[in-house]
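K.L.:
Predicted model and sequence below, questions to follow.
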Amino acid sequence: MNAGDVGLVLIPLLAVAAPLLARGVRRVIRVPIIVFELVLGILAGPAVLGWVEPHEILQKLSDFGLAMLFFVAGSEIDFRAVSGKPLMRASIGWVISVALGIGVGLFFAPGDGMIVIGIALSSTALGTLMPILRDARELDTPFGKVVTVIGAVGEFLPLIAISVFLSARSTPVAAGILLAFVVLAGLAVLLARRLPHGGLHEFIRVTLHTSDQFAVRFVLLLIAALVGLSVMFDLDMLLGAFVAGAIWHIIMARAPKDDAAAVESKVEAVAFGFLVPIFFLYTGVNFDLAALLASPAALGLVPLFLVALLVIRGSAAQLSAPRGMNVRDRAALGMLAATGLPIIVAVTAIGVERGMLDSGTAAALVGAGMLSVLIYPLIAMMLRGDRERVVGPRPADERPQGEL
């Protein structure tokens, strides 16, 4: 067996080790599990120990894990709750962010490269933040809802920008193709809203605890169909995954509460128990540490990009902060808004592949994105404080097994 084949065994081993390590340090400090997945991937990858090498199967599973991350993000957004003024403010904040990001990129990669940097620095990793907010019981709080709308905009609009401005086609043609995709996606959303779902909900219910598992199969089909449609239109696949999540949210909105919760648990098991950890671990494995260490200039860009993320996204997030929000919560909001990685990984890969960005600058951006995931949510949730003190102790039926 070569190192690539060994990785097929080691990646599951590292995926098991990550929550054990997170649990082990929880009494001292609450570190998001993503931190351990990234660090373990770097340590096991070619950059350090060389135990895991890039592998075609792992690459495909990683791609699907990223798609699942965006699907879950899309499925957890209540678009009725984030529409109106919250959506408008977050969108204005994103436009300001991308303009400032392009301004930063002008100094380091004039030309097409500055667009890549601008999109990277304007992103927010909603899919990464959702599990953190859920574990902290923040999703339904006013704070969590503000983070959600900022993250939704900071994840969806960069995908639109990638599809239009970084397409291999000319910008007008790319915009026309994107419009065609939006029309088809809009029709799918309209059908999901208008068609009766009683029969579908009933079939999901009767197969919940059988080998049929229709709900999970239907979710995988929905993701494959929308991702396939995105690829067919030469758009970023994550756009299709995000829309698939939104459609699934609409389909399950009127399902019986217990059935919807059971299906959500099964989908999360596939996502966060299987595919998403592979994406984060494999991101660590593929991290080009050699390119970063070989160039002192590129290494120096990492803290600059990390600070730029905080300044650009953190300041823009203040437009969405409700009146009366205290300084600690505003600081936490800015740090969560500045947490970015999946879009950064995607856009820098496109930039390097098309010669818009050199590998050193790309590695610096990804490194800053990784550090943002390592640092900003940790500090943000510490600033938010003890949630049991704020919202009361976790109900017994919601406690993880073994938790007192």
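P.N.:
That came through fine.

K.L.:
Counting by contacts, list what the longest helix anywhere in the chain packs against.
P.N.:
When the chain is scanned for its longest helix (criterion: DSSP state H), the result is helix 359-384. Here helix 359-384 touches helix 33-44, helix 112-121, helix 126-135, helix 276-286, helix 289-294, helix 296-317, helix 327-337, helix 342-353, going by 3 or more C-beta pairs under 8 Å, 6 or more residues apart in numbering; DSSP states H and E. The C-beta positions use only the backbone N, C-alpha and C, and glycine is treated the same way.

K.L.:
show me where pLDDT drops low in this structure?
P.N.:
For the chain, the stretches with pLDDT under 70 are 1-4, 79-83, 167-175, 193-197, 386-404.

K.L.:
centroid residue for it?
P.N.:
Gly127 (3.1 Å; C-alpha atoms, centre = their mean).

K.L.:
Next up, the contacts around that residue.
P.N.:
69-70, 72-73, 155, 342 (C-beta atoms under 8 Å, 6 or more residues apart in numbering).

K.L.:
let's see it at 10 Å
P.N.:
By C-beta atoms under 10 Å, 6 or more residues apart in numbering, the residues touching Gly127 are 66-74, 76, 151, 155, 238, 241-242, 245, 271, 276, 279, 341-343.

K.L.:
How about Phe279?
P.N.:
Contacts of Phe279 (C-beta under 10 Å, 6+ apart): 34, 37, 41, 58, 61-69, 127, 271, 341-342, 345.

K.L.:
quick one: it and Asp135, what's the gap?
P.N.:
Distance, Phe279 to Asp135, using C-beta to C-beta, to the nearest Å: 18 Å.

K.L.:
just Ala362 next, same as before
P.N.:
31 Å.

K.L.:
Neighbour count: these two, which is higher?
P.N.:
Ala362 (29 against 15; other C-beta atoms under 10 Å).

K.L.:
gap between that one and Ala368?
P.N.:
Counting by C-beta to C-beta - Ala362 and Ala368 are separated by 11 Å.

K.L.:
Same check on Ile375?
P.N.:
Between Ile375 and Ala368 the computed distance is 10 Å (C-beta to C-beta).

K.L.:
Find residues that contact each of those two.
P.N.:
Listed as contacting both Ile375 and Ala368 by C-beta under 10 Å, 6+ apart are 306, 310, 338.

K.L.:
The last one and Leu306 touch, don't they?
P.N.:
Yes. The pair Ala338 and Leu306 qualifies as a contact (C-beta atoms under 10 Å) at a distance of 8.6 Å.

K.L.:
Overlap of the contact sets of these two?
P.N.:
Common contacts of Ala338 and Leu306 (C-beta under 10 Å, 6+ apart): 368, 372, 375-376.

K.L.:
contacting residues for the closest residue to Val146 other than its chain neighbours?
P.N.:
Leaving aside its chain neighbours, Val146 sits nearest to Ser320 (5.5 Å; criterion: C-beta to C-beta, 6 or more residues apart in numbering). If a contact means C-beta under 10 Å, 6+ apart, then Ser320 has 85-93, 145-147, 149-150, 153, 333, 337 as its contacts.

K.L.:
With His249 instead?
P.N.:
Contacts of His249 by C-beta under 10 Å, 6+ apart are 74-79, 189, 192, 260.

K.L.:
at 8 Å instead, please
P.N.:
Residues counted as contacts of His249 (C-beta under 8 Å, 6+ apart) are 74-79.

K.L.:
quick one: which of those is nearest to Pro256?
P.N.:
Closest to Pro256 out of these is Ser75 (17.2 Å), distances taken as C-beta to C-beta.

K.L.:
The closest one and Met325, how far apart?
P.N.:
Distance, Ser75 to Met325, by C-beta to C-beta: 27 Å.
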